[in-house]
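Visitor: Okay, predicted coordinates and the sequence, questions at the end:
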Amino acid sequence: MFRKRFLKILVPLAMVALLIGYAMPAFSAVDLNPKLASGEYVQKVDTFEVIFDATESMNEIYKGGSKLNQEKALVTLFNDTIPNLKLTSAARAFGDFTMFGGATSKSLFAPTAYNKSLLPQAIAPFTRGKGFSPLDAGLEGATADLQSQTGRMAVIAFSDGADMQKFQPVAAAQRMKKAYGDRVCIYTVVLGDKAAMWNFGDKAEGMNIMKQVADAGECGIVVTGDSISSPEGMAAFVEKVFLDKDSDRDGVGDSVDKCPDTPQGCPVDKDGCPLDSDGDGVIDCLDKCPDTPKGVAVDKDGCPPVEEKRPEPAAAVEPKAEAPVMMTLHILFASDKYNIEPKYDSEIQKVADYMKANPDVTAVVAGHTDSTHSNAYNKKLSQNRANAVKTALVEKYGIDASRIEAVGYGEDKPIATNKTKAGRQKNRRVVVMFN
């Protein structure tokens, strides 16, 4: 209260100084766009809101001007330093904006597509502060402003932290964090001479309160206005708010990258981890066999291991007339496939007709492959081919499943050489033997 009465005495004397205004040297903002273009940094924020202190304490003299003018100069430099990002922005002020007095906050502009003219235009009308400092109302208002936003958000509050004894800004910041969780970070900028924690009395109040507000957001920071009054200081602050270092340059910032050492050029998911489309444990950008069937063991290159070259088995001789009745089905399979194309239905029809005409006959359906893959893999593939024929006989032609046995011989019984394409095609076959 003493400080407020003292202000009333000082105000007439301060008017001349306030007309001079807080004078920051004319600086050109640091250009952060090259860092983005290099891939060294990525955007980490989709929406931001500035909270502006328009209260009576901002009329106090600071460095030849008012703290309000210091605030406006810093907000302008902040705005000029933001790089070319696709952002949504909003702004809100807190102070006394009512006809009969009262602490409150008001929206300067609702969330909208960001452009450089919005913030300067929004704060230009403020030439003098009024009322106590309801930063909690500003934070509550910002929480409501951001309800419709998706993605990650930053809230930046500019204030000297004074005259907040009867308000609860820290609790308001905690409610904002509870509402948006990891999606929101809170940054505070402490203005004037309240920015030194080592000062005594109420000079420490500003920094202490503003630090607690930033700490409530868990991922933001508190800075002093003086520390960001230079282009370099402001650039470092804007970088912390909007950008995230991307050490492996995969487009996912280090702070959220669960795989921070991804090889350069590898496509990644939203967590920054390399894709592995066939699920074989070898990432796509290193996988030389990207379509490996699920469950097949692979080597370091993502390919099924190549077994040591085995001597070509002698071609099997088809059974003679005295052997059990046999039919070779003229069904040709594509390499590594076991589905039967409709054009081969007539081949299966012949087997079905024979078995219907001879109801006591049973059949062994034998599947064969070429030697393209490992023996174990080929056994499984040939079994699938035999199963495909048996399934067709049962489901399409009504043959009792108990009369049919399906066997896969893999590459063990070739009828032609596996050294030529034509020979391998002949070896991919199905033979039916009747008993």
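Guide: Great, that's in hand. Numbers count the residues shown, from 1 in each chain.

Visitor: Tell me which stretches of this protein form strands.
Guide: Taking DSSP state E, the strands of the chain run over residues 41-43, 47-53, 61-62, 65-66, 88-96, 103-113, 153-159, 184-190, 222-224, 243-245, 326-329, 363-367, 404-408, 430-434.

Visitor: So which elements touch the first one?
Guide: Think strand 41-43. helix 33-38, strand 243-245 (3 or more Cβ pairs under 8 Å, 6 or more residues apart in numbering; DSSP states H and E). To be clear about C-beta, it is placed using only N, CA and C from the backbone, and glycine gets the same treatment.

Visitor: Ok, the longest one next?
Guide: The elements that strand 103-113 packs onto, with contact taken as 3+ Cβ pairs under 8 Å, 6+ apart, are strand 47-53, strand 88-96, helix 118-123, helix 135-145.

Visitor: Show me which helix or strand of the chain is least confident by mean pLDDT.
Guide: The weakest-scoring helix or strand in the chain, judged by mean pLDDT, DSSP states H and E, is helix 2-20 (a mean of 40).

Visitor: thinking again about what came up before, which of the helices and strands packed on strand 103-113 sits most buried?
Guide: When the helices and strands packed on strand 103-113 are scored by mean count of other Cβ atoms under 10 Å, the highest mean neighbour count falls to strand 47-53 (a mean of 26).

Visitor: right, so the helices and strands packed on strand 41-43: which one is the most enclosed?
Guide: strand 243-245 comes out most buried of the helices and strands packed on strand 41-43 by mean count of other Cβ under 10 Å, with a mean of 17.

Visitor: next one: it to chain centre, how far?
Guide: 14 Å (Cα atoms, centre = their mean, to the nearest Å).

Visitor: partners of it in the sheet?
Guide: Using DSSP bridges, strand 243-245 pairs in its sheet with strand 41-43 (antiparallel).

Visitor: the helices in the stretch 251-400 of the chain, which residues?
Guide: 345-357, 375-395 (DSSP state H, counting those that start in this stretch).

Visitor: Show me which positions of the shortest one end up buried.
Guide: Under the neighbour-count criterion of 16 or more other Cβ atoms under 10 Å, helix 345-357 has 347, 348, 351, 352, 355 buried.

Visitor: Could you list the low-confidence segments of the stretch 251-400 of the chain?
Guide: 251-258, 260-262, 265, 267-272, 274, 287, 307-324 (pLDDT under 70).

Visitor: residues near residue 290, how many?
Guide: Using other Cβ atoms under 10 Å, the number of residues around residue 290 comes to 17.

Visitor: isn't it right up against residue 301?
Guide: No. Here residue 290 lies out of contact with residue 301, judged by Cβ atoms under 8 Å, at a distance of 10.6 Å.

Visitor: Mutual contacts of the two, please.
Guide: Shared contacts of residue 290 and residue 301 (Cβ atoms under 8 Å, 6 or more residues apart in numbering): none.

Visitor: Show me how far stretch 57-74 is from its chain's centre.
Guide: 41 Å.

Visitor: same question but for stretch 138-146, I mixed them up
Guide: 26 Å.

Visitor: Name the surrounding residues that touch it.
Guide: Counting by Cβ under 8 Å, 6+ apart, 47, 49, 51, 90, 92-94, 105-107, 110-111, 153, 155, 157, 169, 172-173, 175-176, 179-180, 184, 213 sit against stretch 138-146.

Visitor: If any of these are buried, put those into a ChimeraX selection.
Guide: Typed into ChimeraX, the line below selects the buried ones among these, using 16+ other Cβ under 10 Å:
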select :47,49,51,90,92,93,94,105,107,111,153,155,157,169,172,173,175,176,180,184,213
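
Visitor: Turn the helices and strands packed on strand 103-113 into a markdown table, columns for distance to residue 264.
Guide: Listed next are the helices and strands packed on strand 103-113 as a markdown table, based on distance: least, Cβ to Cβ, whole Å:
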| stretch | distance to residue 264 |
| --- | --- |
| strand 47-53 | 30 |
| strand 88-96 | 31 |
| helix 118-123 | 37 |
| helix 135-145 | 39 |
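
Visitor: picking up where we left off before, now render the helices and strands packed on strand 41-43 as TSV, adding mean pLDDT and distance to residue 279.
Guide: Formatted as TSV, the helices and strands packed on strand 41-43 follow (pLDDT from 0 to 100; distance: least, Cβ to Cβ, whole Å):
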stretch	mean pLDDT	distance to residue 279
helix 33-38	90	34
strand 243-245	88	29
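
Visitor: May I see the ones you listed arranged in JSON lines, with distance to residue 297 as well?
Guide: Shown next, in JSON lines, are these (distance: least, Cβ to Cβ, whole Å):
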{"stretch": "helix 33-38", "distance to residue 297": "41"}
{"stretch": "strand 243-245", "distance to residue 297": "38"}
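
Visitor: I'd like to know how far the spatially closest residue to residue 110 that is not a sequence neighbour sits from residue 238.
Guide: In this structure, residue 110 finds its nearest non-sequential neighbour in residue 90, 5.9 Å apart by Cβ to Cβ, 6 or more residues apart in numbering. To residue 238, residue 90 is 17 Å away according to Cβ to Cβ, to the nearest Å.

Visitor: what's the span of stretch 415-422, first residue to last?
Guide: Distance across stretch 415-422, first residue to last, is 11 Å (Cα to Cα, to the nearest Å).

Visitor: Identify each buried residue in that stretch, please.
Guide: residue 418.

Visitor: and if you look at stretch 208-226?
Guide: In terms of neighbour count (16+ other Cβ under 10 Å), stretch 208-226 has its buried residues at 209-217, 219-226.

Visitor: What lies in contact with that stretch?
Guide: 70-71, 74, 135, 139, 154-155, 157-159, 161, 164, 169-170, 173-174, 176-177, 182, 184-192, 195-197, 207, 237, 240.

Visitor: one more time with 7 Å
Guide: The contact list for stretch 208-226, computed with Cβ atoms under 7 Å, 6 or more residues apart in numbering, reads 70, 74, 157, 159, 161, 164, 169-170, 173-174, 177, 184-191, 195, 197, 237, 240.

Visitor: Now which of these would you call buried?
Guide: Buried among those (16+ other Cβ under 10 Å): 70, 74, 157, 159, 161, 164, 169-170, 173-174, 177, 184-191, 195, 237, 240.

Visitor: Fine by me, we can end here.
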